[in-house]
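> predicted structure and sequence below. I'll ask about it afterward.
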Amino acid sequence: MRRWLFGLFCLAAAGAWPASAPDAQQAATPPEEVDVALVLAVDVSYSMDLDELALQRNGYIEAFRSKQLHEAIAKGAIGKIAVTYFEWAGGDFQHIVRPWTIIETPQSAIAFAEELGEAPTRRGRRTSISGAIDLAVSLLEASNVTPMRRVIDISGDGANNDGRPVTAARDAARDKGIAINGLPVMLKQASYFDIDNLDVYYEDCVVTGVGAFVIPIRERHQFVDATRTKLVREIAEMPAGPETLIQNAQAKGQRVSCMQGERQWRDRMGN
């Protein structure tokens, strides 16, 4: 059974009108306990071609259909998770594809996958990882669930070049006890607006929390396996293991500039 929760924008809309009796009763519903509240924040900037966007979306669809993910949810202390999925590009482009949803059975996970498959993909300009993190934090704060853990899952193919510094957004999430993991997409040779070693950038500048990790995607065929591995690990809170796809990001020191994306954009565009 799937239960929809109040999303950030639903709350904003509801605040504009007096609550009716049923609305007031729903608003008074105690937060639901879940093992993890998980925000899936997915890059849809123009640096990714349509084929890559389709592969990226399909990775999440197949992950929610997978037996491994269903088993990971069932093995949790509570046996259910809350998940929302949004797509982002620049700071002014953020689109919630699926609002907060409770998943506690294979059927509800598969239904979530089907809803993702039916939703159109929108695209936007520039790359604001910081904006994506800030929205994800807001969604977690307004989720109306009581999670044992709160996790933001960021996927993207470039460095932050719009909005506030990514480290400021990352640190604000960390200070609220929110973990961030990353799925850097590294299919193309770096161009003028890209950076080499995007996985290292994600490790140094984006992810945070105990056991934080990135899983770089370097080949198209890796989308499904990498996405499923990442989600199962986040849901099950698996300890660090020898999986070849996973790069743990703990105490490696600063290796890249976290303002590299902004600098490249400014040098090229002059603003």
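The structure has been received and is ready for your questions. On a predicted model such as this, the values are computed, not experimentally measured, just so you know. Residues are numbered from 1 along each chain as shown.
> which non-adjacent residue is nearest residue 125?
Nearest residue to residue 125, sequence neighbours excluded (C-beta to C-beta, 6 or more residues apart in numbering): residue 90, at 5.4 Å. Any C-beta I mention is one placed from the backbone N, CA and C, and that applies to glycine too.
> give me the neighbour count for the one you found.
Other residues near residue 90 number 17, with proximity taken as other C-beta atoms under 10 Å.
> and it, its phi and psi?
Main-chain torsions, residue 90, degrees, to the nearest 10: phi -70, psi 180.
> for the chain, longest helix please?
The single longest helix within the chain, with elements called by DSSP state H, is helix 50-65.
> buried residues, the very next helix or strand once past that helix. List them.
Next along the chain after helix 50-65, taking DSSP states H and E as the criterion, comes helix 67-74. Neighbour-count burial for helix 67-74, counted by 16 or more other C-beta atoms under 10 Å, picks out 69, 70, 72, 73.
> contacting residues for the first one?
Same thing as residue 69. Counting by C-beta atoms under 8 Å, 6 or more residues apart in numbering, residue 69 touches 63, 109, 228, 231, 232, 235.
> ok, back up a step: pLDDT averaged over the longest helix of the chain - what is it?
Per-residue pLDDT over helix 50-65 has a mean of 94.
> pull the distance from it to the chain's centre.
A distance of 14 Å separates the centroid of the chain from that of helix 50-65, by C-alpha atoms, centre = their mean, to the nearest Å.
> export it to PDB, keeping only CA atoms.
What follows is helix 50-65, C-alpha atoms only, in PDB (Å, rounded to 0.1, in the frame of the first residue of the first chain):
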ATOM      1  CA  LEU A  50      18.800  12.700 -24.600                       C
ATOM      2  CA  ASP A  51      20.200   9.200 -24.600                       C
ATOM      3  CA  GLU A  52      22.100   9.700 -21.400                       C
ATOM      4  CA  LEU A  53      19.000  11.200 -19.700                       C
ATOM      5  CA  ALA A  54      17.000   8.200 -20.800                       C
ATOM      6  CA  LEU A  55      19.600   5.800 -19.400                       C
ATOM      7  CA  GLN A  56      19.800   7.800 -16.200                       C
ATOM      8  CA  ARG A  57      16.000   7.700 -15.600                       C
ATOM      9  CA  ASN A  58      15.900   4.000 -16.600                       C
ATOM     10  CA  GLY A  59      18.600   3.200 -14.000                       C
ATOM     11  CA  TYR A  60      16.200   4.400 -11.200                       C
ATOM     12  CA  ILE A  61      13.200   2.700 -12.800                       C
ATOM     13  CA  GLU A  62      15.000  -0.700 -12.900                       C
ATOM     14  CA  ALA A  63      16.400  -0.200  -9.400                       C
ATOM     15  CA  PHE A  64      12.900   0.200  -7.900                       C
ATOM     16  CA  ARG A  65      11.800  -2.900  -9.800                       C
END
